[in-house]
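Trainee: Give me a model of this one.
(3 chains)
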Amino acid sequence: MNHALVWFRLDLRVADNPALAQAVAAHDAVTPVFIWAPEEETPWAPGGASRWWLHQSLRAFQADLAARNSRLILRRGPTADVLMTLAAETGARAVYWNRRYEPAMIARDREIQRRFREAGLAAEGFPGNLLYEPGTVANREGKPFRVFTAFWRAWRSMPAPALSLDAPTRLPSPERWPDSLPLADLALEPKIDWAAGLRETWQPGEAGALQQLNAFLRDHVDAYTAERDRPDHEGTSRLSPHLHFGEISARQVWHALSPHPNAEPYLRQIAWREFAYHLLFHFPQTPNEALRPEFRRFPWQLDPRMLHAWTRGRTGYPFVDAGMRELWRTGWMHNRVRMVTASFLVKHLLIPWQEGARWFWDTLVDADLANNTLGWQWCAGCGADAAPYFRIFNPVLQGEKFDPAGAYVRRWIPELARLPDAWIHKPAPREVLAAAGVELGRTYPAQVVDHQAARERALAALAGIVKSGGHPIA
DNA sequence: TAGCTCGTTGGACAA
DNA sequence: TTTGTCCAACGAGCT
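Mentor: Take a look at the predicted model:
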């Protein structure tokens, strides 16, 4: 039989899957395989929340494949060895996958391709995870954009993407299936069950992704510009984890949105995702190092107690704490609040952005190396397209502006629920606190830093690295 | 080309 | 209370 392997990673879908489509079109037996090899992704192996999601998504994908008379073979790494072994076991002459763009993943794909080709086997990656691959959008000099708006203009004027590929109705199975590990053997789920909030919030898998997209199109896309900044409302798409795991493709989202008269603001967000991959591709050190070299001299202060207060939502700034608790409970945080919490860690506490990136990496179900890196560097002011450095979010004003009635704070910080709206985001007078049953320092922490003092300290620190010259240290 | 403008998501302060 | 202006920079991208 003319047999092919399809190696799945962050493309856990049957619809609009170029690698799968190629295998079905050109082969009369297809073996889908997923290989768990987190050591190959260090130091950015999937964190706890990502592993939880992956477990659920793999289970859903197994069912989707079973409904098409197929299976998902599960194995553990090393990936290249496993794929070679599987090719030998099944007699497959080819392996296909959809490309990933993280530096370590690019290197791994290249190595697998080399080994397969040396063995006389086909090995081919396909573009399935982005609308336009890194390297295809460049400025007039042929250099990578570093400013989003310019990237967006170029990106938007690219030829429209081809139509999405239909899901194959039936996948040709091999005469004999190779062995598969049980899903539980990948040990992706937490040993102590902390995932109740995740289960309540999400439906991982391709069906859940489509449902989420349709709900967004039906209920939220029209008001997106106004509502996307309101964490107290349900105004965003909440597609990020589905996109990260490839349960839905950016191309499917693009085609679903495009006919819509109010699609542009959301497509811009899709372009941000592509910009993040573009930056990671061209600046592969950025998950660990500031893009702007002068920030390597920034006088960070790694205070473990402050960091702990931030991670657990105990900074005394309700808008910040609500966000951190939403993250801890649901594996997700509203984008507006991500900016404010990140800014608070970096600018108010002067804790290195990498610490925040690492915490988000472990707790977000949508943790994505490109997006996480861009987001943190942007907030820290050390990345591409950085805002003027003297822009420091005021966590009280941000709360009052984007959660005016305090509903978001009350939802995640029940101990403040009885405070009146006017005092929900800032320390209330003694009698107001008493009436609401709040005792600062006991039922809810006092502010760990004073905003004004922290702001001045951050501005002084920033002035220091600018004044001492913008040259990179050797 | 050499200068100009502007940067997803602001804030503080004066008037 | 609202509105306008400036705030310690810098450099990509454009004309």
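
Trainee: Can I take it that A:Pro32 is in a strand?
Mentor: Yes: under DSSP: H, G, I helix; E, B strand; the rest coil, A:Pro32 falls within a strand.

Trainee: Can the least confident helix or strand in chain A by mean pLDDT be said to contact DNA strand B?
Mentor: Comparing every helix and strand of chain A by mean pLDDT, DSSP states H and E singles out helix A:451-467 as the least confident one, with a mean of 84. Yes: using Cβ under 7 Å from any atom of the strand, helix A:451-467 reaches DNA strand B at A:451-452, A:455. C-beta: built from backbone N, CA, C; applies to glycine.

Trainee: Neighbour count and distance to A:Leu186 added to those, as CSV?
Mentor: CSV is the format used below for the residues of helix A:451-467 next to DNA strand B (neighbours: other Cβ atoms under 10 Å; distance: Cβ to Cβ, whole Å):
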residue, neighbour count, distance to A:Leu186
A:His451, 18, 45
A:Gln452, 9, 50
A:Arg455, 17, 46
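
Trainee: A:Phe393 - how many residues pack around it?
Mentor: For A:Phe393, the neighbour count with other Cβ atoms under 10 Å is 21.

Trainee: Tell me how far A:Ile277 lies from DNA strand C.
Mentor: Quick fix: residue A:277 reads Tyr, not Ile. As judged by Cβ to the nearest atom of the strand, to the nearest Å, A:Tyr277 and DNA strand C stand 15 Å apart.

Trainee: Pull the distance from the strand or helix carrying that residue to the chain's centre.
Mentor: Secondary structure assignment for A:Tyr277, by DSSP states H and E: helix A:264-282. Put simply, helix A:264-282 sits 12 Å off its chain's centre (Cα atoms, centre = their mean, to the nearest Å).

Trainee: list the buried ones in it?
Mentor: A:266-282 (16 or more other Cβ atoms under 10 Å).

Trainee: residues contacting the residue in the stretch 201-350 of chain A that DNA strand B sits nearest to?
Mentor: Ranked by Cβ to the nearest atom of the strand, the top residue of the stretch 201-350 of chain A for proximity to DNA strand B is A:Trp272, at 4.2 Å. Neighbouring residues of A:Trp272 by Cβ atoms under 8 Å, 6 or more residues apart in numbering: A:148, A:374.

Trainee: same thing with the one 5 residues further on?
Mentor: The neighbours of A:Tyr277, taking Cβ under 8 Å, 6+ apart as the test, are A:101, A:130, A:134, A:370.

Trainee: Could you list the residues in contact with stretch A:48-67?
Mentor: With contact meaning Cβ under 8 Å, 6+ apart, stretch A:48-67 is reached by A:8, A:12-14, A:32, A:34, A:46, A:71-72, A:74, A:171, A:183, A:186, A:188-190, A:195, A:198, A:202, A:204-208, A:241, A:245, A:247, A:331, A:362-365, A:367.

Trainee: Among those, name the buried ones.
Mentor: The neighbour-count criterion (16+ other Cβ under 10 Å) marks A:8, A:12-14, A:32, A:34, A:46, A:71-72, A:74, A:171, A:183, A:186, A:188, A:195, A:198, A:202, A:204-206, A:208, A:241, A:245, A:247, A:331, A:363-365, A:367 among these as buried.

Trainee: Could you pick out which of these are located in strands?
Mentor: Assigned to strands by DSSP state E, the following of the buried ones among the contacts of stretch A:48-67 qualify: A:8, A:32, A:34, A:74.

Trainee: Serialize those residues to CSV and add fields for pLDDT.
Mentor: Output for those, formatted as CSV (pLDDT from 0 to 100):
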residue, pLDDT
A:Phe8, 98
A:Pro32, 98
A:Phe34, 98
A:Leu74, 98
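
Trainee: Tabulate the residues you listed in JSON lines, adding columns for distance to DNA strand C.
Mentor: Shown next, in JSON lines, are those (distance: Cβ to the nearest atom of the strand, whole Å):
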{"residue": "A:Phe8", "distance to DNA strand C": "34"}
{"residue": "A:Pro32", "distance to DNA strand C": "39"}
{"residue": "A:Phe34", "distance to DNA strand C": "37"}
{"residue": "A:Leu74", "distance to DNA strand C": "42"}
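
Trainee: Point out the residues in the stretch 151-300 of chain A that sit beside DNA strand B.
Mentor: Counting by Cβ under 7 Å from any atom of the strand, the positions of the stretch 151-300 of chain A adjacent to DNA strand B are A:229, A:268-269, A:272.

Trainee: Relative to A:Gly399, which of those is nearest.
Mentor: A:Asp229 (12.2 Å; Cβ to Cβ).

Trainee: Ignoring the adjacent residues along the chain, who's closest to that closest one?
Mentor: In space, and not counting its chain neighbours, A:Asp229 is closest to A:Arg336: 4.9 Å by Cβ to Cβ, 6 or more residues apart in numbering.

Trainee: Report the secondary structure element holding the one you found.
Mentor: Here A:Arg336, judged by DSSP H and E, is contained in helix A:335-343.

Trainee: From the ones in strands among the buried ones among the contacts of stretch A:48-67, list the ones also adjacent to DNA strand B.
Mentor: Counting by Cβ under 7 Å from any atom of the strand, no member of these reaches DNA strand B.

Trainee: could you list every residue that touches the residue of chain A found nearest DNA strand B?
Mentor: DNA strand B sits closest to A:Thr149 of chain A, with a gap of 3.1 Å, by Cβ to the nearest atom of the strand. Under the criterion of Cβ under 8 Å, 6+ apart, A:Thr149 has no neighbours.
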